[in-house]
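Asker: need the 3D shape of this:
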Amino acid sequence: MNNRFAPTALMLGNIVTGCSVLAPAGMLSELSESLGVSIRTAGLLITFGAVVLCVGSAVTAWLTSRIERRTLLVATLAVLALTNAASALAPDYAALLVIRLIMLAVGVIYTPQAAGTAALVVPLEKRGWQAVYGSIGAMGVLSSLLLVWRLPGRLRAAPVDLKTWIDLGRNRAIILLLSITALQTSGQFTVFTFMGPLLKKLTDANPDAIGLVFALYGIAGFVGILIATRIVDSWCAYKTSLLFNALVMTGVTGWALSAGLYVLMAVAVAVWGLGFASTNSMQQVRLVAAAPPLAPASVALNTSVLYVGQAVGSFVGGLFYARELLYGLGFVAMAFVALAVMLVIASQPRAVPAE
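Answerer: This next block holds a predicted model:
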């Protein structure tokens, strides 16, 4: 069977999954106003969702490891499409929260399994949060159809068992790398979850200006991924990881120090954006290299830890936001990310002595 568009379908599915996870962060103000809840309560959509994702990532890696890949991925995207469509029709906050938790309990399957499957295939002003969910649902339908059309059947990953998890817990390099993921994500989500409302309160930015900052973040993230893929072979995963973690640190520091000045905050977000996606990609590369036989489980566990960071960061950010400690959020984020950078430096592979 021609696999030509299979990677494209898998990538599109990752976009759908990422949007499903992060969508509330870009429209907290709209959700708060439309559903009659506080900004912090709206932010709990991310916090509670991250808890579900954290628990579900490792559990589903074990439960689904023997299911044929195309069937699993198509079914997952179909559920994401339906639950995003249902989110667009949710009558109140409670219904939206329940739908989101169901969405993410299933959606957590996709990203780790898509990463493994790819290796098998190839070496604004009330702009309508309903429209956002509806659009993500439509992309989910398209992606699932592409997977049915172009992803080969009978693809199975290596099974994950209890011994695999025990071996992971004994591997110091993997534990260190997972700690980096947790700290770095916690720092970013302390601010990212509330980025829109923060821009509005600190700089009086209108919806267009806020949307521009999110666009800069996304575009910079795409550019960062392109740069990372070009340099990782010559630089090695460790140096590339250090570079992009340093960019995140620079951007978050810029946000904290320039809080209240829209242009400088936007520039800081662009710098931060260069590193945000590439850091996680390099984490996955380093985890695979640290223990290739454990890769399916370690990458899945890294996804769980990433969601731990999302939950911690959004919770801490919510506490500060609710107390109007708006300038403090950036400095808390700096502390988390600085610790992550220190651990990246400590994780430098030891040189093998010449014989």
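Asker: and residue 298, how close does it get to residue 195?
Answerer: Residue 298 is 30 Å from residue 195, where distance means Cβ to Cβ, to the nearest Å. For every residue, glycine as well, the C-beta is placed using N, CA and C.
Asker: hmm, I was thinking of residue 189
Answerer: As judged by Cβ to Cβ, residue 189 and residue 195 stand 10 Å apart.
Asker: which other residues reach the helix or strand harbouring residue 342?
Answerer: Assigned by DSSP states H and E, residue 342 belongs to helix 328-346. Residues from elsewhere that reach helix 328-346 (Cβ atoms under 8 Å, 6 or more residues apart in numbering): 176, 179-180, 183-184, 186-188, 190-191, 194, 198, 238, 241-242, 245-246, 248-249, 252-253, 255-257, 259, 313, 316-317, 320-321.
Asker: buried sites along that helix?
Answerer: By neighbour count with 16 or more other Cβ atoms under 10 Å, helix 328-346 contains the buried residues 328-334, 336-341, 343-344.
Asker: which of those residues sits closest to residue 27?
Answerer: Nearest to residue 27 out of the buried residues of helix 328-346 is residue 329 (Cβ to Cβ; 18.7 Å).
Asker: quick check: residue 169 touching residue 175?
Answerer: Yes: assessed by Cβ atoms under 8 Å, residue 169 is found in contact with residue 175 at 7.5 Å.
Asker: what is the least confident helix or strand in the chain?
Answerer: Taking mean pLDDT, DSSP states H and E as the measure, the helix or strand of the chain with the lowest value is helix 110-121, at a mean of 49.
Asker: hmm, back to that, in strands, which of the contacts of helix 328-346 appear?
Answerer: Residues of the contacts of helix 328-346 located in strands (DSSP state E): none.
Asker: show me just the buried residues among the residues you listed.
Answerer: Neighbour counting by 16+ other Cβ under 10 Å classes 179-180, 183-184, 186-188, 190-191, 194, 198, 238, 241-242, 245-246, 248-249, 252-253, 255-256, 259, 313, 316-317, 320-321 among the contacts of helix 328-346 as buried.
Asker: look at residue 189 and residue 195 and report which has more neighbours.
Answerer: Higher neighbour count among residue 189 and residue 195: residue 189, with 30 against 23, using other Cβ atoms under 10 Å.
Asker: shaky segments in the chain?
Answerer: In the predicted model, the chain carries pLDDT under 70 at residues 1-16, 18, 57-69, 109-162, 351-355.
Asker: at 50 what do you get?
Answerer: Across the chain, the ranges flagged by pLDDT under 50 are 1-2, 114-127, 354-355.
Asker: wait, residue 305 sits on residue 180?
Answerer: No: using Cβ under 8 Å, residue 305 is not in contact with residue 180; the gap is 9.1 Å.
Asker: shouldn't residue 37 be in contact with residue 94?
Answerer: No: in this structure residue 37 lies outside contact range of residue 94 using Cβ under 8 Å: 9.7 Å.
Asker: so who does the residue lying closest to residue 327 once chain neighbours are set aside touch?
Answerer: Spatially, and ignoring its direct neighbours in sequence, residue 327 is nearest to residue 259 (5.0 Å; Cβ to Cβ, 6 or more residues apart in numbering). Counting by Cβ under 8 Å, 6+ apart, residue 259 touches 202, 265, 326-327, 330.
Asker: and the residues you listed, which are buried?
Answerer: So, by 16+ other Cβ under 10 Å, the buried ones in those are 202, 265, 326, 330.
Asker: can you put those in TSV and add secondary structure?
Answerer: Below are those laid out as TSV (DSSP: H, G, I helix; E, B strand; the rest coil):
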residue	secondary structure
202	helix
265	helix
326	coil
330	helix
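Asker: between the residues you listed, which is closest to residue 19?
Answerer: After measuring the buried ones among the contacts of residue 259 against residue 19 - Cβ to Cβ - the closest member comes out as residue 265, at 23.5 Å.
Asker: the closest one reaches residue 201, doesn't it?
Answerer: No: with contact defined as Cβ under 8 Å, residue 265 and residue 201 do not form a contacting pair (11.9 Å).
Asker: the helices in the stretch 101-250 of the chain, which residues?
Answerer: Applying DSSP state H, counting those that start in this stretch to the stretch 101-250 of the chain gives helices spanning 110-121, 129-150, 162-170, 172-192, 195-203, 207-235, 237-257.
Asker: would you list those helices in a markdown table and tack on distance to residue 287?
Answerer: Compiled in a markdown table, these are given as follows (distance: least, Cβ to Cβ, whole Å):
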| stretch | distance to residue 287 |
| --- | --- |
| helix 110-121 | 11 |
| helix 129-150 | 25 |
| helix 162-170 | 10 |
| helix 172-192 | 6 |
| helix 195-203 | 28 |
| helix 207-235 | 14 |
| helix 237-257 | 10 |
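Asker: among those helices, which is nearest residue 41?
Answerer: Comparison of these against residue 41 by Cβ to Cβ identifies helix 195-203 as nearest, at 12.2 Å.
Asker: what's the angle between the closest one and helix 207-235?
Answerer: Angle, helix 195-203 to helix 207-235, by axes from the mean of the first three to the mean of the last three Cα atoms, to 10 degrees: 120 degrees.
Asker: just checking, what packs against helix 195-203?
Answerer: Packing contacts for helix 195-203, counted by 3 or more Cβ pairs under 8 Å, 6 or more residues apart in numbering; DSSP states H and E, involve helix 28-35, helix 207-235, helix 262-290.
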